[in-house]
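*Asks:* here is my input, please return the structure:
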Amino acid sequence: MPIQNLLDFRDPEKCTRLVIKIGSALLVDSSGQVEVEWLRSVVNEICTAREMGIEVVVVSSGSIAIGAKTLEFEGGGRKTLAEAQASASVGQIELASVWSRLLAERRLVAAQMLLTLDDFESHKRYLNISATLRRLLKSGVVPVVNENDSIATGEIRFGDNDRLAARVAQACNADGVILLTDVDGLYDRHPDHPDAERLDEVDGVTEEIHAMADTGSGSGLGSGGMTAKLLAAEIAERAGIALAIIDGRHEMPLARAMASQAGTLFLPQRDESGKRAWIGGRMRFNGSISVDDGCVRALHKGKSVLAAGIFAAKGNFERGDIIQVLDVAGTEIAKGLVGYDADDVAAIMGRQSAELEEILGHSPRSAVIHRDHLVLM
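*Replies:* Have a look, this model is predicted:
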């Protein structure tokens with residue numbers, strides 16, 4: 001049975017593998033120094049989890065904030081891309097050193113993995129990430145993951161470690177993700193509002209839930225915000241992974257949250273694994289197709305995308321690319337591995353299956369996107 005409440009994150013029968021994401025606002029103080037004693041308390045909690053039989057992967061922010069202090073950059077090192085990359089290059093060494101030292105105090109070995117969005121968008125590299133994480137965990141190592149901000153640009157970066165944590169959880173087949181942050185969960189309006197109420201549980205992220213999100217990062221050190229956390233929750237919930245947002249501003253934050261049941265838990269919605277999980281987590285696309293209402297209804301009944309239901313195609317995609325499927329309003333309803341190049345889709349869209357061979361000059365494939373390679377959003 002999947003995780004159903006916060007206490008389940010401490011149950012090795014329900015949570016055999018856990019991803020913990022730590023935001024910059026918690027790990028680094030306003031002067032750019034690592035909060036060593038706070039982090040030591042988290043390491044102690046990781047050790048406790050390991051002793052209970054729960055494997056732990058850490059996704060750790062903080063390298064830019066740390067490096068910016070060393071380089072004396074104003075604005076936390078985020079004024080320009082060059083400053084951010086330089087700050088990350090310097091800060092990552094210290095960040096890795098602190099993690100290694102504190103884990104070693106508890107006789108645990110740390111491993112560093114620096115990843116980019118491109119690493120997850122390539123299926124081959126995604127499989128390599130998965131294999132590396134699994135081998136490290138099998139060896140009793142605590143992987144410490146961060147986005148490789150020293151080389152990542154706007155086109156090939158997550159931009160926040162919340163979604164990175166969800167994709168890491170997919171890749172290592174984790175049962176749960178905990179986002180430690182400087183708020184104690186999702187509120188129905190801005191937390192500063194006097195009538196704001198925290199949601200203890202979210203059974204599926206909807207447009208209504210998204211409307212509650214505050215897009216800013218309260219501390220100014222991070223790059224996430226509640227919108228990024230909801231996007232991470234969507235990635236996790238489709239893969240059958242529970243995700244919790246809890247307050248990390250105190251020492252021993254995991255134990256504190258479990259004891260008080262304080263935080264917001266996003267319940268798993270499906271159980272997509274393997275290639276379907278990879279498809280569902282994709283964030284970059286070479287194109288899209290738009291389909292009519294009849295096709296949308298068919299997809300929700302488990303059918304494939306056929307040429308007859310397509311009325312528009314955009315982009316320069318090739319057979320085997322992952323593309324978006326949009327409804328008549330332009331809303332993304334699915335992602336899938338397309339069976340035709342963009343030119344062929346343009347030639348056959350709106351046509352019946354019996355017409356395709358004459359149009360293409362060869363026997364057509366069974367579908368533009370087969371249901372086995374399609375993930376509904």
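
*Asks:* give me the buried positions along the helix or strand of the chain with the lowest mean pLDDT.
*Replies:* Of the helices and strands making up the chain, the lowest-confidence element is helix 274-281, at a mean of 74, by mean pLDDT, DSSP states H and E. Neighbour counts using 16 or more other C-beta atoms under 10 Å place 276-281 of helix 274-281 among the buried residues. (Glycine included, C-beta is placed from N, CA and C.)

*Asks:* which stretches in the stretch 251-377 of the chain count as strands?
*Replies:* Under the criterion DSSP state E, counting those that start in this stretch, the stretch 251-377 of the chain contains strands at 264-266, 287-291, 310-315, 322-326, 332-337, 374-376.

*Asks:* and the stretch 101-250 of the chain, by the same measure?
*Replies:* Remark: strands assigned in the stretch 101-250 of the chain by DSSP E, counting those that start in this stretch are 109-115, 141-147, 176-181, 201-202, 242-247.

*Asks:* which other residues reach the fourth one?
*Replies:* Contacts made with strand 201-202 from outside it, assessed by C-beta atoms under 8 Å, 6 or more residues apart in numbering, are listed as 186, 209, 233, 264-267.

*Asks:* format those as CSV; extra columns: distance to residue 251.
*Replies:* What follows is the contacts of strand 201-202, written out as CSV (distance: C-beta to C-beta, whole Å):
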residue, distance to residue 251
186, 23
209, 30
233, 26
264, 21
265, 22
266, 25
267, 28
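
*Asks:* just among the residues you listed, which is most surrounded?
*Replies:* Each of the contacts of strand 201-202 was scored by neighbour count (other C-beta atoms under 10 Å); the top score is that of residue 233, with 30 neighbours.

*Asks:* pLDDT wise, what is the nearest residue to that one once chain neighbours are set aside at?
*Replies:* The shortest distance from residue 233 to any residue other than its chain neighbours is 4.1 Å, reached at residue 266 (C-beta to C-beta, 6 or more residues apart in numbering). The score at residue 266 is 95. That number is its pLDDT.

*Asks:* in the sheet, who's paired with residue 266?
*Replies:* Note on residue 266: beta-bridge partners residue 202, residue 243, judged by DSSP bridges.

*Asks:* distance-wise, check it relative to residue 196.
*Replies:* The gap separating residue 266 from residue 196 is 18 Å, by C-beta to C-beta, to the nearest Å.

*Asks:* report the contact partners of the closest residue to residue 295 other than its chain neighbours.
*Replies:* Once flanking residues are discounted, residue 295 sits nearest to residue 309: 2.8 Å by C-beta to C-beta, 6+ apart. If a contact means C-beta under 8 Å, 6+ apart, then residue 309 has 291-292, 294-295, 298 as its contacts.

*Asks:* export those to CSV and append columns for neighbour count, pLDDT and distance to residue 343.
*Replies:* Written out in CSV, the entries for the contacts of residue 309 read as follows (neighbours: other C-beta atoms under 10 Å; pLDDT from 0 to 100; distance: C-beta to C-beta, whole Å):
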residue, neighbour count, pLDDT, distance to residue 343
291, 25, 91, 18
292, 16, 91, 21
294, 11, 91, 24
295, 25, 92, 21
298, 18, 91, 25
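
*Asks:* how many residues are close by the residue nearest to residue 360 when sequence neighbours are not counted?
*Replies:* On the basis of C-beta to C-beta, 6+ apart, the spatially nearest residue to residue 360 that is not a chain neighbour turns out to be residue 344, at 6.3 Å. Around residue 344 sit 21 other residues, with neighbours defined as other C-beta under 10 Å.

*Asks:* which helix or which strand is home to residue 47?
*Replies:* Residue 47 belongs to helix 36-52 when elements are defined using DSSP states H and E.

*Asks:* what angle do the helix or strand just after that helix and strand 141-147 make?
*Replies:* Downstream of helix 36-52, the next assigned helix or strand under DSSP H and E is strand 55-60. Our comparison of strand 55-60 with strand 141-147, counting by axes from the mean of the first three to the mean of the last three C-alpha atoms, to 10 degrees, yields an angle of 30 degrees.

*Asks:* neighbouring strands - and their directions - for strand 55-60?
*Replies:* By DSSP bridges, strand 55-60 pairs with strand 17-22 (parallel), strand 141-147 (parallel).

*Asks:* of all those, which one is nearest residue 81?
*Replies:* strand 141-147 (13.5 Å; C-beta to C-beta).

*Asks:* list of residues touching that closest one?
*Replies:* By C-beta under 8 Å, 6+ apart, the surrounding residues in contact with strand 141-147 are 46, 50, 56-63, 92, 95-96, 99, 103, 108-116, 133, 136-137, 157-158, 161, 164-165, 168.

*Asks:* which parts of it are buried?
*Replies:* For strand 141-147, the buried set under the neighbour-count rule, 16+ other C-beta under 10 Å, comprises 141-147.

*Asks:* got TSV for the contacts of residue 309, with distance to residue 35 too?
*Replies:* As requested, the contacts of residue 309 are arranged in TSV below (distance: C-beta to C-beta, whole Å):
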residue	distance to residue 35
291	50
292	54
294	56
295	52
298	53
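
*Asks:* pull the most distant pair out of those.
*Replies:* 292 and 298 (9.8 Å).

*Asks:* how close does the most centrally placed residue in the chain get to residue 170?
*Replies:* With distances taken as C-alpha atoms, centre = their mean, the chain has residue 163 as the residue nearest its mean C-alpha position (2.6 Å). As defined by C-beta to C-beta, residue 163 lies at a distance of 11 Å from residue 170.

*Asks:* okay, and the common contacts of those two?
*Replies:* Overlap of the contact sets of residue 163 and residue 170 (by C-beta under 8 Å, 6+ apart) consists of residue 235.

*Asks:* returning to what we had before: my read is that the residue nearest to residue 233 contacts residue 236, right?
*Replies:* Yes - look at residue 266 against residue 236 with C-beta atoms under 8 Å: they come within range, at 6.8 Å.
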